[in-house]
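Q: Here's my sequence, what's the structure:
(one chain, ligands or ions: 1)
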Amino acid sequence: MRVGIIALLHESNTFIARPTTVDHFRENWLFTGETIRTQLADTPHEVGGFFAGLADQQIEAVPLLAARAVPFGPISAACFDTLCETMRTELAAAGPLDGVLVAPHGATVSESFPDADGHWLTELRNLIGPDRPIIGTLDAHANLSQRMIDATDALIAYRTNPHLDQRERGVEAATMIARALRGDIKPTQAAAFPPVAINIERQLTSDPPCQSFFELADRMRREAGVLSNSILLGFPYADVAEMGSAVITVTDNDPAGARRAAGTLADYLWEHRSEFAGQLLEIEAALDRADTLSGPIGLLDMGDNVGGGSPADSTHLLHAIVARGTTPAFVCLYDPAAVQQANDVGAGGRLEMAVGGKTDRLHGQPFKGTFTVCGLYNGRFHEPETRHGGFSNCDQGLTAVVRTDHGVTVMLTSRRMPPFSLHQLTTFEVDPTQFHLLVAKGVNAPVAAYTPVCRHLLRVNTPGCTTADMTMLKFEHRRRPLFPFEDGFAWNPN
Ligand SMILES: [Zn+2]
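A: Predicted coordinates:
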C-alpha cells in the first residue's frame, strides 16, 4: 500500500498588512518528493512521525509536498495558487495512492481564501475521491472550520503547547490510516465550536485552566470506541469567521457518538469560559516584579510574538529596561540594516546606531545607542532536543551580537526567528545564564526552551500585532456572539 504525504503549514496573522510570499516559504520549507524524506523524516515534526508510523505499518510513504513559512501576514494569492498547483502536480505524478496523510496548520489564511486549509483539503478530497482516507494532524492553534472536517476522515491536533508531541501525533495519524486501510476501523469524526476565544495568555497546556480541560479529553479518549479527540485552542490574530476554539472527536464507525463526545468537551469549555480570559501584566508591573526576583527571568513579549507572525523588532521592553537600568539584559531583534552596519564595523568595533522599531510605531521607536560589536555569525544553528514547532535546523541569516556600555546585549538577525531554542543564543557565544533579564518574543512557545535556564517567566502585555489584549484588535469577520467579546448570552452544544 502507498500513502501520500502533504504538509502545508502557515499561521497567518491578518493584522499584518504585508503578505507571506513564495520567498518566505523558500526560506523555511518548500520541498517536494524525496527531499521531504531527507529533510524531515528524522525531525520531531509530525511529518517525521508520518514517515516513522508508515514504516512501522509496512506502508510505502509517498512524499508529495512540504511547505512551511514562519508565521506572518496572509499568504499572497499568487503564492497560494503556486502551492495548490504544486500539490496537484505532485499528486498527478505520484501514481495510485491508497490514502493521504495531511499536515495542515489550521490557521492559514490566503488573500483569496480566509479558510485556506478548508480550501486545499477540499481540493485534495475532490482529486482523490470520496473513498480513500485523508487523515492528518492539526496545530493546536488551528481556527477549525467545518469544511476541514468535511474534507477529511480524521484530524488529530497536538495535545501540548509548547508543541512537543508533534512527532507522536504524526505517528498516531499514520497508525490510524493504516488501520483504516486494513479495514480494522472506520474513523468517523465530529467537531463542535463553543463560542469562546481562549486568550493566548491562558494557553499553556501544563497549567490551569488548560490542564484540567486536557485531562478530561485524555479520560474521554480512553473510552471504548473513541479513536481520538482534540482541543483546538484557536489563533486569536486572524480576523476570520473560524477564529476561536473548537473540539474534535473521532470514533470508530459511530457518528452519533462522535457528536455526543464533542458536545461534552465543548460544554466543558463553555461552562469554564471565564477561566480562559487573559490576566494581563503591564510592562512596568512586570519590571517591578522582576526587581524582586532572582534571575535569570524570562520576559515573554506577548505583543511581539514572532511565532504568531509579529515583526520581531519591537522595542517597548528594551526601552523600558534601559530606562530603569535593570541589567544585564538580553534581547533579540530582527534588523537586517543594523546587522549590515555592525558587519561594516567588524567584530571588536564600536558604532552608534538605531536598532529595532523599524516596522512601525505600534512596535516601538528604534533604540539609539553606542554599541560594541561582540561577534558576527552566519546565523545557522541546530536544536537537538524536541522544541516547539519541530524546529531543528534554523537559519536566521547574518547575525550580529552587540552590547551597550550599560549591560544590554542585543542580538540582531537578518531573518525573523522565533525564540524556540536556546541554541539561538549559545551557538553565537551568548550565555543565557549571565543575564538578569532575557526577553523572549513569544507567549507559550518559548517555555520549553527557556525553562531550563529561567527561574521565572513573566508574560508581559506589550503593544503589538499579537497583543494579548484581544479588545485592542479590530475584528470584522469573527463569529458573533463570541466570549469574551460578548457576554451574557446562552449557548448549548447540542
Ligand atoms: Zn501552534
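
Q: averaged over its residues, what pLDDT does stretch 438-447 have?
A: What stretch 438-447 shows for mean pLDDT is 95.

Q: hmm, I was thinking of stretch 244-261
A: Mean predicted confidence for stretch 244-261 is 98.

Q: Would you indicate which residues of it are buried?
A: With burial defined by 16 or more other CB atoms under 10 Å, the residues of stretch 244-261 counted as buried are 244-252, 254, 257-261. The way it works is simple: take the backbone N, C-alpha and C, and place the C-beta from them, glycine included.

Q: same question, stretch 275-287
A: By neighbour count with 16+ other CB under 10 Å, stretch 275-287 contains the buried residues Phe276, Ala277, Gly278, Leu281, Ile283, Ala286, Leu287.

Q: those strands in the stretch 251-400 of the chain, which residues are they?
A: Using DSSP state E, counting those that start in this stretch, the strands assigned to the stretch 251-400 of the chain run over residues 297-301, 329-334, 350-355, 367-377, 380-382, 393-395, 399-404.

Q: same thing with the stretch 101-250 of the chain?
A: Secondary structure of the stretch 101-250 of the chain (DSSP E, counting those that start in this stretch): strands at 134-138, 154-157, 187-192, 226-232, 246-252.

Q: thinking again about what came up before, and the two most separated of the buried residues of stretch 244-261?
A: Gly244 and Asp252 (28.5 Å; CB to CB).

Q: Of all the residues in this structure, which one is nearest the ion?
A: His141 (3.5 Å; CB to the ion).

Q: nearest spatial neighbour of that residue, skipping sequence neighbours?
A: Closest residue in space to His141, ignoring its immediate chain neighbours: Phe235 at 4.2 Å, by CB to CB, 6 or more residues apart in numbering.

Q: I figured that neighbour hits Gly308, correct?
A: Yes. Using CB atoms under 8 Å, Phe235 and Gly308 qualify as a contacting pair, with a distance of 7.4 Å.

Q: okay if I get the strands of the stretch 251-400 of the chain as TSV plus mean pLDDT, distance to the ion and mean neighbour count?
A: Formatted as TSV, those follow (pLDDT from 0 to 100; distance: least, CB to the ion, whole Å; neighbours: other CB atoms under 10 Å):
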stretch	mean pLDDT	distance to the ion	mean neighbour count
strand 297-301	98	15	28
strand 329-334	98	20	27
strand 350-355	98	28	16
strand 367-377	98	28	18
strand 380-382	96	21	15
strand 393-395	92	17	15
strand 399-404	98	25	23
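
Q: To Gln340, which of the ones you listed lies closest?
A: Here strand 399-404 is closest among the strands of the stretch 251-400 of the chain (CB to CB), at 8.8 Å.

Q: Pairing partners for the helix or strand following the closest one, with directions?
A: Scanning forward in sequence from strand 399-404, with DSSP states H and E defining helices and strands, the next element found is strand 408-413. Sheet pairing for strand 408-413, assigned by DSSP bridges, gives strand 329-334 (parallel), strand 399-404 (antiparallel).

Q: Geometric centre of the protein: which residue is closest?
A: Taking CA atoms, centre = their mean as the criterion, Gly307 is the residue nearest the geometric centre of the chain, at 5.5 Å.

Q: how much space between it and Asp131?
A: For Gly307, the distance to Asp131 equals 38 Å [CB to CB, to the nearest Å].

Q: Can you give me the neighbour number for His477?
A: For His477, the count of nearby residues is 13 (other CB atoms under 10 Å).

Q: neighbours of the closest residue to it other than its chain neighbours, just the number please.
A: With sequence-adjacent residues excluded and distances taken as CB to CB, 6+ apart, His477 is closest to Asp239, at 5.1 Å. The criterion is other CB under 10 Å. On that basis, Asp239 has 18 neighbouring residues.
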